[in-house]
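> Need coordinates for the below:
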Amino acid sequence: MRRTGIAPILLAGLAALGAMVPAVAKDKEAPWPEITAEEKALKAAPGEPGASAIVLRNTREGRVLLRMRSYTNVLAFHWRLKVLTEAGKEYSEVSIPADKRFRMRGLQARTIKADGTVVPVAPDQMFEKVLEKGRGIRRTAMVFSFPAVEPGAILEYRYERDSGLIYIEPWQFSSDLVTLFSRVSQLVPADAYYVVLCDKCPNPEPVRTDYNENHMKGRIFSIDMKDVPADHDEVLMPPEREAYPRFEMVLKAWDNTHWDELGRDNQLFIDWNSVARYVDFHYKRAYLLDEQAIGALVATWTQGLTTPEEKQRAVLQHVRKDFRYIDADNVYGSTRTIAEMIQDHSADNEEKAILLAAALRRLGLKPEIALVGARTKGPVYGNFYSLAQFSHGVVAIPGATPGTRVWLDPTATYAASTGLPWYDAGASALLMHPEGAGGEIVVLPAGGEPLPTRYQVTMTLRPDGQAEAEVTADLPGDEAADLRADLVPASEAERHQHLEQWADRLHTGARLGDVQLKDLEDFDRPLNIHARLELPGFVTKADEIFAVSACTVDCVTSNPVSRGDRRHAIYVDRGIRTETTTTFRPPAGMAAAAPAAPGNAATIVGKLSATCRTVDGGGLECRRTMSLPRQRLNAMDGPELRSLFEKAVAIDATKLLFKPAPAPAAAAGK
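Below you'll find the predicted structure:
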């Protein structure tokens, strides 16, 4: 873009500013917002008298400023909490996630004790921490601990960072605690025009205030909320963006500005076509400038392969595995060059799609990039043209049948080479057509129900009343991808630790013995795990009778659904299917008293069934199936969800009895 008499102004607001590092504010003496008499006197959270803490203030003030002939949007954050009980001390540990484009600066934090003593957090006690690494992704955050925390203490921190100008990133008003006061405000120049969305806000229209100070004319948009209820997660609930009120803005036009991306003046994002053209302009510069570099890689990746399908699969897997995935929630429509990605061996949620598209072009294909609003992020609103609605990029190539497409997600590091991960299935996406031809909102293929996860269990009951399980698990699709993300990049010690955690999820308290993995790195096949588990406490021994639960692994041991009225819709976006067959082998001289009666639970949400039958040797074979199909239901169906799990708890707790087998009858005439 070009602006009369001024160098490019908006791209500066989108440029990467390096890694997040702690910094002391230039003006250490800048006063903190006043702690009011009401805040000092507060003893309980409105509406939640038993709450351990309350957020007193959570605010963000945005200001678009002209600095050195370039505009930038400076966001100033302030968070203040009061500890109400001993349990509230858990909030003394703070983790502020990094943004993939903009670094934090001026981070300050302090504790105000109940007697008024102020204890600041020393700058050298603030650290950048890697939250997640080795799963194909790397996430960092600034972490620190408040000192001298006690009931009645007030904890607060503040910092600044720059942000983009094209869209003003979303602001979430609520948190997991009651929030006494939440505010977002944004100053923009008078000649910049933004569309505002305040979704699920009691009053969606922001207050607009004219601004004229320091040679700057503009408007301030602001929304305040008081006594915001706490967010209490519910089982199978919608994403945050769909469940709670949020605020965001997107640039529609800027006077006296020429947009090179669109070849026009003033107007920017007026429809999805203009958004697609804008993004495609920046993406194309990355992969067209480095065709030679990506061409050399593709030649290496496909060496010795003959069929187009083999080459496409190889390219996809190399883009997924050879480039460390820098996961992020935000899409900016910007990218590094492919040469920089190759040098750094990394790519983020947009760059993976750019890499894959560039590589597929070298195979003679005509790939299209699409920005996806993952089902974990929330819906894409058709008339609000913001990149903030999208989570990552995928690539489409022509299918075997004219007019069809094959969709590939290069961010799904450990997924199969065909099909889409569950969070893409049925999601909305902005498809960008080749050669700057614009784009359109499409819906990705929904796919079918997931393949079942199968468990074959042989449960051996020992005379001493202990139990040992031999488990063979076949994990397909998304289940395999999730566990491979932990296991594939891990060291041997880390891998064993992950498998111990997997065993404990199968059966609480299980002790992992020998374990073998099959097809761990063949992502197109189910992951097979064969493990021996010891299950302390699984057998209840009374006199000469053994009692065990009919369900052995992946059981529902307690109802996760609250008895209270449900607030949110029921989202089963990731379908569940499990099939478990368990063979119980009693000690010599013992046999099953009788098979348990069949158990069945079925509601509109899903179903569970369990049956047992006798087998040779006095044992039992029990089969259990559970399924929650992909669907979305209303909050009023909450009792149906609770009923399903209530019945599942009862069925899974069904007891099987083993007792001494009767002595064989004496032969006739003896």
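
> Can you list the residue ranges for helices in the stretch 401-550 of the chain?
477-487, 492-506 (DSSP state H, counting those that start in this stretch).

> Residue 155 is nearest to which of the ones you listed?
Comparing those by their distance to residue 155 (CB to CB), the top pick is helix 492-506, with 32.0 Å. All C-beta atoms are positioned from the backbone trio N, CA, C, and that covers glycine.

> what's the angle between that closest one and helix 477-487?
Here helix 492-506 runs at an angle of 140 degrees relative to helix 477-487 (axes from the mean of the first three to the mean of the last three CA atoms, to 10 degrees).

> which helices and strands does helix 492-506 pack with?
helix 477-487, strand 511-518, strand 527-534 (3 or more CB pairs under 8 Å, 6 or more residues apart in numbering; DSSP states H and E).

> in the second one, what's buried?
Which is strand 511-518. Across strand 511-518, burial judged by 16 or more other CB atoms under 10 Å covers 512, 515, 517.

> try the first one
Within helix 477-487, the residues that qualify as buried by neighbour count (16+ other CB under 10 Å) are 477, 478, 479, 480, 481, 482, 483, 484, 485, 486, 487.

> what residues are up against the first one?
The contact partners of residue 477, by CB atoms under 8 Å, 6 or more residues apart in numbering, come to 415, 416, 419, 422, 450, 451, 526.

> now for those residues, which pair is the farthest apart?
422 and 526 (15.7 Å).

> measure the residue nearest to residue 587 when sequence neighbours are not counted to residue 336 for me?
Leaving aside its sequence neighbours, residue 587 sits nearest to residue 463 (CB to CB, 6 or more residues apart in numbering; 4.5 Å). Using CB to CB, to the nearest Å, residue 463 is found at 65 Å from residue 336.

> quick one on the thing from earlier: quick one: closest of the helices of the stretch 401-550 of the chain to residue 631.
Of all those, helix 477-487 comes closest under CB to CB, at 16.8 Å.

> what about the closest one, average pLDDT?
Helix 477-487 shows a mean pLDDT of 94.

> For the remainder of this discussion, apply numbering that starts at 44.
Sounds good: first residue 44 from here, last item helix 520-530.

> what pLDDT does the residue nearest to residue 630 get?
Looking at residue 506, the pLDDT reads 91.

> and what of residue 322?
pLDDT, residue 322: 95.

> what's the answer for residue 327, then?
Residue 327 is given a pLDDT of 87.

> Ends of stretch 328-342, what's the gap?
22 Å (CA to CA, to the nearest Å).

> List of residues touching it?
Taking CB under 8 Å, 6+ apart as the rule, stretch 328-342 contacts 358, 361, 378-382, 385, 394, 397-398, 400-402, 404-406.

> Make a ChimeraX selection of the buried ones in these.
Applying 16+ other CB under 10 Å to these leaves a buried subset, and the ChimeraX line that selects it is:
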select :358,361,378,379,380,381,385,394,397,398,400,401,402,404,405
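
> okay, now residue 318: neighbour count?
28 (other CB atoms under 10 Å).

> could you say which helix or strand contains it?
helix 315-332 (DSSP states H and E).

> Would you state the strands of the stretch 594-713 of the chain in chain order?
Along the stretch 594-713 of the chain, counting by DSSP state E, counting those that start in this stretch, strands occupy 613-615, 619-628, 633-635, 642-645, 650-658, 662-671, 674-676, 698-703.

> Tell me the helices and strands packed up against the third one.
So that's strand 633-635. Short answer (3+ CB pairs under 8 Å, 6+ apart): strand 633-635 packs on strand 662-671, strand 698-703.

> Which one of those lies nearest to residue 304?
Nearest to residue 304, of the helices and strands packed on strand 633-635 and by CB to CB, is strand 662-671 at 44.1 Å.

> what is the orientation angle of that closest one with strand 619-628?
170 degrees.

> Let me have the helices of the stretch 444-593 of the chain in TSV, extended by distance to residue 288.
Output for these, formatted as TSV (distance: least, CB to CB, whole Å):
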stretch	distance to residue 288
helix 520-530	31
helix 535-549	34
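
> All good on my end, thank you.
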